[in-house]
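Q: task: produce atomic coordinates for the following.
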Amino acid sequence: MPRFLSFLLLTVLLTGPAFGQQQPSTLQRIKTTKMITLGYRESSFPFSFIGEDKKPAGYSVELCTRVADGVQQQLGLADLSITWVVVTPENRIPMVTNGTVDLECGSTTNTLSRQEQVDFSYMTFVDGGSLLVNTEASINRLSDLAGKRVAVVPGTTTEKVIAEAFQKANLTVQMIKVKEHADGIAALEHGTADAYASDRVILIGLAMTTKDPTKLAISDQYFSYEPYGLMFRRDDADFRLAVNRVLARLYRSGEIIQVYEQWFGPFKQTSTLLKDMYLLHSLPE
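A: Sure thing, here's the model as predicted:
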């Protein structure tokens, strides 16, 4: 082989992925920096929101805090600082994929298409899409929205599923896109939307935070299946195991019921479906 070709081949090999600096795993980076970055939503009550003390709070935030404690123990760190980063429905996946956020602690539905970009923990909650309306609106099913306006957050599974449902039922409905849940409630209260579509338990939480919850009602109809999970980077089996180990321990011990009741107690008791979900993910060590 000519000398210049040998030199060229050597250069390609040395600068290729095999000789390049390998990206550290999430656990390796956490151990080195002694810091974990958690993403949270500002108004996804009661899963992930800003509390009265202006700090992240909620069911998913609590689970992520427990995960951080478990990771600290696993890595044998005397201290582990938590950096909280606000995420939105539009940027939550990119912020996980680009490494800005180690673990997303919100109300994100695990779907097969999203698994092409990110990974998910064991299920942390199960819910379905529904409608929040004014009590005098006489809206209880999707068919009642014909010719009306429904607010929805873009980039969510709700937006996709409800649009497909309207198309399948041949319903003409004006979709009002809002940035966050708080904007959806505002559109409903101000009369710029006839309904707000989201996951049922989130709608319950949102209604309870309004000045007069008695003026709002939730549809009896579910139009989607929403299995929630904590979201993190793909192809990181060690971190996935660390996250799932903490969740499985919470589920096995029954401690998860206390966590649930802390954030959902004012709304309803743990459903049989949710208890079964916890049981199915109570993997033994």
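Q: so which residues of the stretch 101-250 of the chain form strands?
A: Assigned by DSSP state E, counting those that start in this stretch, the stretch 101-250 of the chain shows strands spanning 103-105, 118-127, 129-134, 149-152, 174-177, 195-199, 216-218, 226-233.
Q: output the ones you listed as JSON lines; include the columns distance to residue 281, mean neighbour count and mean pLDDT.
A: For the C-beta atoms, the positions are set from N, CA and C on the backbone; glycine is no exception. Shown next, in JSON lines, are those (distance: least, CB to CB, whole Å; neighbours: other CB atoms under 10 Å; pLDDT from 0 to 100):
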{"stretch": "strand 103-105", "distance to residue 281": "17", "mean neighbour count": "27", "mean pLDDT": "98"}
{"stretch": "strand 118-127", "distance to residue 281": "4", "mean neighbour count": "22", "mean pLDDT": "96"}
{"stretch": "strand 129-134", "distance to residue 281": "22", "mean neighbour count": "24", "mean pLDDT": "92"}
{"stretch": "strand 149-152", "distance to residue 281": "29", "mean neighbour count": "22", "mean pLDDT": "96"}
{"stretch": "strand 174-177", "distance to residue 281": "34", "mean neighbour count": "15", "mean pLDDT": "96"}
{"stretch": "strand 195-199", "distance to residue 281": "19", "mean neighbour count": "28", "mean pLDDT": "94"}
{"stretch": "strand 216-218", "distance to residue 281": "27", "mean neighbour count": "19", "mean pLDDT": "89"}
{"stretch": "strand 226-233", "distance to residue 281": "10", "mean neighbour count": "23", "mean pLDDT": "96"}
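Q: helices of the stretch 1-150 of the chain, residue ranges please.
A: Secondary structure of the stretch 1-150 of the chain, counting by DSSP state H, counting those that start in this stretch: helices at 3-15, 26-33, 59-75, 92-97.
Q: for the third one, packing partners?
A: Other helices and strands packing on helix 59-75, by 3 or more CB pairs under 8 Å, 6 or more residues apart in numbering; DSSP states H and E, are helix 26-33, strand 35-40, strand 48-50, strand 103-105, strand 118-127, strand 226-233, helix 237-253, helix 255-264.
Q: list the contacts of that helix.
A: By CB atoms under 8 Å, 6 or more residues apart in numbering, the residues outside helix 59-75 that reach it are 27, 30-31, 36, 38, 40, 44, 46-48, 79-80, 82, 103, 105-107, 124-125, 228, 230, 242-243, 245-247, 249-250, 259-260, 262-264.
Q: please repeat the previous calculation with a cut-off of 6 Å.
A: 31, 36, 38, 40, 46-48, 80, 82, 103, 105-106, 124, 242-243, 246, 259, 263 (CB atoms under 6 Å, 6 or more residues apart in numbering).
Q: so what's the gap between that helix and the chain middle?
A: 16 Å (CA atoms, centre = their mean, to the nearest Å).
Q: what's the angle from that helix to helix 237-253?
A: Counting by axes from the mean of the first three to the mean of the last three CA atoms, to 10 degrees, helix 59-75 lies at 110 degrees to helix 237-253.
Q: returning to that earlier point: out of the contacts of helix 59-75, which are buried?
A: The neighbour count (16 or more other CB atoms under 10 Å) marks 31, 36, 38, 40, 46-48, 80, 103, 105-106, 124, 242-243, 246, 263 as buried among the contacts of helix 59-75.
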